[in-house]
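Participant: need coordinates for the below:
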Amino acid sequence: MRIERKSWNDPVFVATVAPLALVMVAFFLVPLLMTAVLTFQTTQYYRLVWTWDLKIWTEVFSKPHYWTIMLRTVTMALICVVLTVLFAFPAAYALATRLKTFKTQIQILIIFAFLTDAVLKTFGWILILDKNGVANWLLMHLGFPPEMLNLLFTPTGTMIGMVYNLVAYPMFTIYLSLVRIDRDLMLAAYDAGASRIRTFFEVTLPLSRPGLYSGAVLVFVLSLGAFLEPKVLGGGTSPLASELIRQSFETRVNWPLGAALTMVLITIGALMLAACAAFALRRPSTGRKPA
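Facilitator: You can find the predicted model right below:
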């Protein structure tokens, strides 16, 4: 079948693509360009001075403190991706297979998780992770040592809040991939003598990778900009890049520094996503020589 290639000479194609292109330029490329331009300016007496020099970039690359926070942010984001996928995949798999009877009710609950304010959910965890909260009461009765009872205002508390707020994203995308798998493929694997475990790893898991990758990308991008969880549940003891950028803009009134840190974070995120995309799109070798 021959696929007709659209061109800019087609009025219908232009009318369809042009609005999207204008939105992308107006709300993404222009602000990104303005942020990049702001990095070459300086501040003096809390006022922006248009100097066009590399002073801010010299400061960013000369202070290890900034890169320590960036490394911590990326590490926390990667850990959050792994944990959310580990929690989301079994839930999505159960929803797509064992809980089909209640799929409508469960889908409503997942959508409700998206609509619930993250501020309310995050502050709710304070009651659980507090020194006299439910989590510490449970750990104490299970015989854990006292030093493990301090979950609030720690990186562990931050990670709990991040995973809880973001787990709905991979759960939804993985579920959409699982329900689109043709059941005849799994039945064919069973007929060929494959066990349930082998069928899962050789049929179900590979076919659900698009949803898994999509959910992982969503969680990673949102984790890089996590602001509420480190502030509320982490207590600011281990700040992430979002808090550093906020302080640069608001507290220090150093807009060029905040813009430079923003560009660094965007670049790191883009490079990580490009590496993940290259890995996801990599086709395994068949071992055959080309004809």
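Participant: strands of this structure, residue ranges please.
Facilitator: Applying DSSP state E to the chain gives strands spanning 42-44, 47-49.
Participant: do you know how far residue 183 is from residue 189?
Facilitator: Using Cβ to Cβ, to the nearest Å, we find residue 183 at a distance of 11 Å from residue 189. To be clear about C-beta, it is placed using only N, CA and C from the backbone, and glycine gets the same treatment.
Participant: more neighbours, the two?
Facilitator: Neighbours were counted for residue 183 and for residue 189 using other Cβ atoms under 10 Å; residue 189 has more, 18 against 8.
Participant: is that one in contact with residue 203, as I believe?
Facilitator: Yes: using Cβ atoms under 8 Å, residue 189 is in contact with residue 203, at 5.2 Å.
Participant: low-confidence regions, this protein specifically.
Facilitator: Flagging of the chain using pLDDT under 70 yields the residue ranges 1-10, 13-14, 145-149, 283-291.
Participant: give me that answer again for 50
Facilitator: 1-3, 285-291 (pLDDT under 50).
Participant: next up, the contacts around the closest residue to residue 35 other than its chain neighbours.
Facilitator: Once flanking residues are discounted, residue 35 sits nearest to residue 259: 4.8 Å by Cβ to Cβ, 6 or more residues apart in numbering. Contacts for residue 259 (Cβ atoms under 8 Å, 6 or more residues apart in numbering) come out as 35, 36, 38, 39, 56.
Participant: quick check: phi and psi at the fourth one.
Facilitator: Dihedral angles of residue 39 (phi, psi; degrees, to the nearest 10) stand at phi -70, psi -20.
Participant: ok, now which ones touch it?
Facilitator: The contact partners of residue 39, by Cβ under 8 Å, 6+ apart, come to 56, 57, 256, 259, 260, 263.
Participant: which of those residues fall in helices?
Facilitator: Members of the contacts of residue 39 lying in helices (criterion: DSSP state H): 56, 57, 256, 259, 260, 263.
Participant: export the residues you listed to TSV and append columns for distance to residue 90.
Facilitator: Shown next, in TSV, are the ones in helices among the contacts of residue 39 (distance: Cβ to Cβ, whole Å):
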residue	distance to residue 90
56	46
57	45
256	46
259	42
260	42
263	38
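Participant: nearest to residue 211, of the residues you listed?
Facilitator: Nearest to residue 211 among the ones in helices among the contacts of residue 39: residue 263, at 31.1 Å, using Cβ to Cβ.
Participant: distance of the closest one relative to residue 41?
Facilitator: Distance of residue 263 to residue 41, computed by Cβ to Cβ: 13 Å.
Participant: give the buried residues for stretch 87-104.
Facilitator: Across stretch 87-104, burial judged by 16 or more other Cβ atoms under 10 Å covers 88, 89, 91, 92, 93, 95, 96.
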